[in-house]
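Undergrad: Build me a model:
(2 chains, ligands or ions: 1)
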Amino acid sequence: MHEVKPAEALGFTFDGRALTARAGDTVAAALLANGVQACRQTPVSGADRGPYCMMGVCFDCLVVIDGVGNRQGCLVPLREGMRIETQAGRRHPDGAQS
Amino acid sequence: MIAITSIGQVAEHYDIAVVGAGPAGLAAAARAAELGLSVLLADENPAPGGQIYRAITTTPVTKRAVLGEDYWKGGALVDRLRPTNAAYAPGCTIWSVAPDEAGGFELGLSLGGQARLIAAGQVILATGAQERPFPIPGWTLPGVMTAGAAQIALKASGLVPSGRTVIAGCGPLLYLLAGQLAAAGANIVAVLDTTPRRNWLAAIAAFPDFLRSPYLAKGLKLMAAARGKLPFKTGVTALAAEGSGKLTGVTVTRGGAAETIPCDALLLHQGVIPGINLANAAGCAQHFDAVQHCWTPTVDGWFASSIPGIAIAGDGAGIGGAESAALRGEVAALDAARRLGRLAEAERDAHAAPIRAELARSLRGRRFLDLLYRPAPQFLAPPADETIVCRCEEVTAGQIRDAASRLGVTGPNQMKAFLRCGMGPCQGRLCGPTVVELIAQERGVSAEETGYYRLRPPVKPVTLSELAALPPTDAAIKAVVR
Ligand code: FES
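TA: From the prediction side, this is the model:
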């Protein structure tokens, strides 16, 4: 996706990559604006998924935000300096994702 | 309007708790507050408006024509709430509603990663609509989204899909969105209309009412504008999203012949259905609405549910559109005030009369739209075995059919136990209607008879740490100490 009109930008990272998006965007929108279509892998088959409904219904936008997993990217407003990571497959109890 | 930014600012008790800040919730909260009641309006989105008026106060889209005049009407609803004392909590999820000992309700809410239990005398659920599931092969590929999702991205963030974009499905929103995206500069390479031609036969009887409805002029304008400018293809009978790991195209079948259209974005839409999860988990009775073809909470003329004290206003109790949702919110608020003893019955009725007249006008013509845009059976129950139905647990149509026919699974709750469908984080929001459809078809019974998922709170995942940090109630302490 691309933006109709750019506005004030916030900096964040996605899987370590430095990116920017518009202040006021949700995390899911910020990823889409940067051309990121897939943000998680399913626990069952490991297939890539990306935001599908943008309204909190489908849970395909789940990401890890600042170390906290299972967050619905489409409901979380982007903040300066957020560390966003792909939510990878099955969650491991002692892994980095909590 | 008192903006709530942290969970500590939420009071212990409100006269009325309203869930959802779309048209119904905004109107209900405003009316209740105007009547002098203490009101909490909780909404999980970052800004008011619901989906139809999404980001009405914050949208970066400044060209009014892009989103159309109807969108901007949402501003008046927020403006009406502003001067009131209603507490408005954005980013706040209500995950449970249960009766409490005082004859009111206990609500579980979560805001900024912290949970809280509070009390309310009356509850108005204004949870709105969600898109009807539209399972086709490949619909889980990144690059495929709902049409509503694209509209939300446009309203809230000024985003339009990059590259070649295809819109597929049926219903008025499809034309509206196609028009909006085109106006915003999207490259729409095809609009694939799945409206079954024979629907016209069923709908024609309701046409006279539609002729007198507020929808007509608007609808015709949308249709004409979209058709005139965009590459329409009608009579679509099958669709499949293509690609491995990422969308590359869509295969479309019309008149028995299939062709593949390369694309970078595919937007799916098959109408909207009530978002019933919270009402269902709270124990409100529901039924299968045969005309709108969806599960719907059962409400009376005041939008009161089967549980005294819980009302369901707006599209969450049957699809009627934004205008009707706001009116239904007001009516529900009037009755909630009456239940609280703050408004006499005669006063309530007098206030409600003009609103009801408006409501009747706004709903005129709805039946025609419902009948005309009723989804074709193959899009309700996917014929291809490999089509994923439950996106969370990756359960396919073939597996569900097999469990229903060979293993004799008779209903969706039993299906959960066999296949885990509906057990993922979305809690059946995207597979429920399809699972019912498949079981009904396979067993040759009606959807009503097949039943729906029995849902339980929390209706949205709450972390264990949030639950563990909840202040214990007296009852909970006694239960452990004993
Ligand atoms: S995109 Fe569907 S829940 Fe976020």
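
Undergrad: And for the residue in the stretch 51-200 of chain B that the ligand sits nearest to, nearest residue in space, chain neighbours not counted?
TA: Distances from the stretch 51-200 of chain B to the ligand, computed as CB to the nearest ligand atom, single out residue B:149 as the nearest residue at 6.6 Å. C-betas here are computed from N, CA, C, even on glycine. Ranked by CB to CB, 6 or more residues apart in numbering or on different chains and with sequence neighbours excluded, the top spatial neighbour of residue B:149 is residue A:54, at 3.8 Å.

Undergrad: Just to be sure, that neighbour is in a helix?
TA: No - following the definition DSSP: H, G, I helix; E, B strand; the rest coil, residue A:54 is coil and is not counted among the residues of a helix.

Undergrad: That one reaches residue A:74, doesn't it?
TA: Yes - Residue A:54 is within contact range of residue A:74, at 4.8 Å (criterion: CB atoms under 8 Å).

Undergrad: overlap in contacts of these two?
TA: Overlap between the neighbourhoods of residue A:54 and residue A:74 consists of A:26, A:28-29, A:61, B:152, taking contacts as CB atoms under 8 Å, 6 or more residues apart in numbering or on different chains.

Undergrad: which of those residues lies closest to residue B:195?
TA: Relative to residue B:195, the closest of those is residue B:152; by CB to CB it sits at 23.5 Å.

Undergrad: Would you mind listing the buried residues in stretch B:269-284?
TA: B:269-284 (16 or more other CB atoms under 10 Å in any protein chain shown).

Undergrad: before we move on, back to that, looking at the shared contacts of residue A:54 and residue A:74, which are in helices?
TA: Where the shared contacts of residue A:54 and residue A:74 overlap with helices, as defined by DSSP state H, the overlap consists of A:28-29, B:152.

Undergrad: which of those are close to the ligand?
TA: Among these, proximity to the ligand is found for residue A:28 (CB under 6 Å from any ligand atom).

Undergrad: The longest strand seen in chain B: partners in the sheet, and parallel or antiparallel?
TA: When chain B is scanned for its longest strand (criterion: DSSP state E), the result is strand B:114-125. Paired strands of strand B:114-125, with direction, are strand B:13-19 (parallel), strand B:105-111 (antiparallel), strand B:310-312 (parallel) (DSSP bridges).

Undergrad: from these, which stretch is densest packed?
TA: For the strands paired with strand B:114-125, ranked by mean neighbour count under the definition mean count of other CB atoms under 10 Å in any protein chain shown, the leader is strand B:310-312 at a mean of 30.

Undergrad: Other residues contacting it?
TA: Judged by CB under 8 Å, 6+ apart, the contacts made with strand B:310-312 from elsewhere in the structure are B:97, B:105, B:122-127, B:279, B:282, B:284, B:297, B:299, B:302-305, B:332, B:335-336.

Undergrad: which residue ranges form the strands in chain A?
TA: With DSSP E, the ranges of strands along chain A come out as A:2-3, A:9-14, A:17-22, A:40-41, A:48-49, A:62-65, A:68-72, A:83-86.

Undergrad: Grab the nearest non-local neighbour of residue A:71.
TA: That would be residue A:65: by CB to CB, 6+ apart, it lies 4.7 Å from residue A:71.

Undergrad: tally of neighbours for the one you found?
TA: 21 (other CB atoms under 10 Å in any protein chain shown).

Undergrad: Look at residue 81 and report its pLDDT.
TA: No chain specified, so I'll use chain A. pLDDT, the model's per-residue confidence, is 98 for residue A:81.

Undergrad: meant chain B, my bad for not saying
TA: Among the per-residue scores, residue B:81 shows a pLDDT of 98.

Undergrad: just the one 5 residues further on next, same as before
TA: Looking at residue B:86, its pLDDT reads 98.

Undergrad: ranges for the strands of the stretch 1-150 of chain B?
TA: In order along the chain, the stretch 1-150 of chain B carries the following strands (DSSP state E, counting those that start in this stretch): B:2-3, B:13-19, B:39-42, B:87-89, B:92-99, B:105-111, B:114-125, B:129-131, B:144-146.

Undergrad: Include distance to residue B:373 when you put those into JSON lines, please.
TA: Rendered in JSON lines, the data for those read as follows (distance: least, CB to CB, whole Å):
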{"stretch": "strand B:2-3", "distance to residue B:373": "38"}
{"stretch": "strand B:13-19", "distance to residue B:373": "28"}
{"stretch": "strand B:39-42", "distance to residue B:373": "31"}
{"stretch": "strand B:87-89", "distance to residue B:373": "34"}
{"stretch": "strand B:92-99", "distance to residue B:373": "31"}
{"stretch": "strand B:105-111", "distance to residue B:373": "35"}
{"stretch": "strand B:114-125", "distance to residue B:373": "25"}
{"stretch": "strand B:129-131", "distance to residue B:373": "13"}
{"stretch": "strand B:144-146", "distance to residue B:373": "16"}
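
Undergrad: need the contact list for whichever residue of the stretch 201-350 of chain B sits closest to chain A.
TA: Nearest residue of the stretch 201-350 of chain B to chain A, counting by CB to the nearest CB: residue B:245, 5.6 Å away. Residue B:245 sits next to A:38, A:47-48, B:141-142 when contact means CB under 8 Å, 6+ apart.

Undergrad: Could you check how many residues crowd around residue B:220?
TA: Using other CB under 10 Å, the number of residues around residue B:220 comes to 10.

Undergrad: nope, residue B:265 is what I meant
TA: The burial count assigned to residue B:265 is 24, neighbours taken as other CB under 10 Å.
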